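> this one's sequence-less:
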């Protein structure tokens, strides 16, 4: 089978399930596992490089509001590669090429490839997609095994933090304007032994005013700007140090959002383990080095 992946989380899932050798093309954002980035790219973004968070938000809103796509699909290359399965998504209009565009292009390709859309809203949806992807690729058993292993790891975190005091958490998905994380992130926080003070499981991320964040009386702020690694997340959080300090949280932590929170793939389980270590360091260990960056509120003078 020849598979084209049009969303990074699908690429991660395909490789994690053992189908990496069948993937013939990916998106320009597919960087995990590392070998995926060397495959042919089928997409490109229309967002100019080097913009700040407010400028990115403005361009996204203007582009989407005008009915224009944020990502362009290379239909000619897709036709040349002749995939039999295309994996994409429709849950987020700013995260991948338009689902309607994919379906339209697929209908013109020889062999009429199957288009599988992954549109999870909650954590169970993500885990069930392991089975759906594996089934589409021809090995349902691989998906069932991966799902069972993920559930076991999540249960281990929940057991480790059982009975502990549950700190209040603000998961900040963007800083200008302020977005609080939704979808699967509130569930991740709950399993890790915390209470999401602002987000709602299964609902979209939403914009808020800083005053709402300040009024939420949180113990921990987790800065997870969508699509950013830990270094970039820490940089963005540092630029808004004054605002974050005003929230009054005891801890401000920047994480690799792209790897462990933004993308609905297998590494969300690593994200839960990371949250467990952030919220209950006496009970859960950080899974690996370099997964978080601690910011000190006392040094957060000034800022935007």
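Cool, got the structure. What you see is a predicted model, and the numbers here were worked out from it, not measured in a lab. Numbers count the residues shown, from 1 in each chain.

> Please identify the helix or strand for the closest residue to residue 244 other than its chain neighbours.
Nearest non-adjacent residue to residue 244, counting by CB to CB, 6 or more residues apart in numbering: residue 252, 5.3 Å away. Where you see a C-beta, it was placed from the backbone N, CA and C, and this is true even at glycine. Using DSSP states H and E, residue 252 sits in strand 251-255.

> what about whatever helix or strand comes next after that strand, distance to the chain center?
Later in the chain than strand 251-255, the nearest helix or strand by DSSP H and E is helix 257. The chain centroid and the centroid of helix 257 are separated by 6 Å under CA atoms, centre = their mean, to the nearest Å.

> Can you spell out which helices and strands pack onto helix 257?
Contacts defined by 3 or more CB pairs under 8 Å, 6 or more residues apart in numbering; DSSP states H and E place helix 257 against no helix or strand at all.

> What are the contacting residues of it?
With contacts defined as CB atoms under 8 Å, 6 or more residues apart in numbering, helix 257 is touched by 173, 224, 225, 226, 227, 228, 229, 233.

> which residues does the second one contact?
Just to be clear, that refers to residue 224. Listed by CB under 8 Å, 6+ apart, the contact set of residue 224 reads 171, 172, 173, 181, 185, 233, 254, 255, 257, 261, 262.

> distance of residue 14 from residue 192?
Distance, residue 14 to residue 192, by CB to CB, to the nearest Å: 27 Å.

> try residue 207
Relative to residue 192, and taking CB to CB, residue 207 is found at 25 Å.

> which of those two has more neighbours?
residue 192 (26 against 12; other CB atoms under 10 Å).

> Please work out which residues outside whichever strand or helix holds residue 86 touch it.
Taking DSSP H and E as the definition, one finds residue 86 inside strand 85-88. Under the criterion CB under 8 Å, 6+ apart, residues 1-7, 10, 14, 78, 96-97, 99, 102, 106, 113-118, 133, 136-137 lie in contact with strand 85-88.
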